[in-house]
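Engineer: Got a sequence here, can you model it:
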Amino acid sequence: MKKTLLTLMACATLAVTSMAASAQKDPNVGGAPMYPDKTIVANAVNSPIHKTLVAAVKAAGLVDTLNSAGPFTVFAPTDDAFAKLPAGTVDTLVQPDNKATLVKILTYHVVSGRISSKDLKKWIKKGGGTYVATTVEGGKLTFSEDMGKIKITDEKGGTAWITTADVFQSNGVIHVIDTVLMPS
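Structural biologist: A predicted model of the protein is given here:
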């Protein structure tokens, strides 16, 4: 009897541990595993589709900030998103003389707190179809939902879609987006 009870307890513990581990499994980004116990920067440097973003964060001097406790929600444009910008834009932005502009653009992609896609969808519904968030830069991002996907509209009327949601980090969450957002 004792042996059966111990076996059942061990199986239950194993099942709970397995469920907790699988519940915390982040989606891969660009084929690279992401880990919820690492910081935003530690995960981003391993993403093969965020090389431009990582270089821009370094050029802007934001590595320490995005490695801090946060929490932050980062809407992370892919390399393809940066490639949509006019030719030469990224090369110009990462120049030391343009650091203030680069910081403004990058911090426009960050909202304080840990905001999941579930939160966004709930707030969009509560807001009658839109939710507006204030970025760390001080600007506004407007969120809406179309056919289950979350669309972000920037202050200039540009739009981006969340392509990979809920990549949880030790200091926040990343949502991968397909277009660079621009503050006013």
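Engineer: Distance from the helix or strand encompassing residue 81 to the middle of the chain?
Structural biologist: According to DSSP states H and E, residue 81 maps onto helix 79-83. The chain centre lies 16 Å from the centre of helix 79-83; the measure is C-alpha atoms, centre = their mean, to the nearest Å.
Engineer: Then stretch 175-184?
Structural biologist: In terms of C-alpha atoms, centre = their mean, the centre of stretch 175-184 is set 11 Å apart from its chain centre.
Engineer: CA atoms only for that stretch, dumped as PDB, please.
Structural biologist: C-alpha atoms of stretch 175-184 as PDB (Å, rounded to 0.1, in the frame of the first residue of the first chain):
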ATOM      1  CA  HIS A 175       6.500  40.000 -29.400                       C
ATOM      2  CA  VAL A 176       8.100  39.600 -32.800                       C
ATOM      3  CA  ILE A 177       6.800  42.100 -35.400                       C
ATOM      4  CA  ASP A 178       7.100  42.400 -39.200                       C
ATOM      5  CA  THR A 179       7.500  46.200 -39.600                       C
ATOM      6  CA  VAL A 180       9.500  48.900 -37.800                       C
ATOM      7  CA  LEU A 181       7.200  51.300 -35.900                       C
ATOM      8  CA  MET A 182       7.800  55.000 -36.100                       C
ATOM      9  CA  PRO A 183       7.000  57.700 -33.500                       C
ATOM     10  CA  SER A 184       5.700  61.000 -34.500                       C
END
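Engineer: Mind listing residues that contact it?
Structural biologist: Stretch 175-184 is contacted by residues 29, 49, 73-78, 80-82, 84-85, 104-105, 108-109, 117, 135, 137, 139, 141, 150, 152, 154-156, 158-167 when judged by C-beta atoms under 8 Å, 6 or more residues apart in numbering. Placement of C-beta: from N, CA and C, glycine included.
Engineer: what helix or strand does residue 136 sit in?
Structural biologist: Here residue 136, judged by DSSP H and E, is contained in no helix and no strand.
Engineer: Now do the helix holding residue 81: everything it contacts.
Structural biologist: 49, 50, 51, 52, 53, 56, 90, 160, 177, 178, 179, 180.
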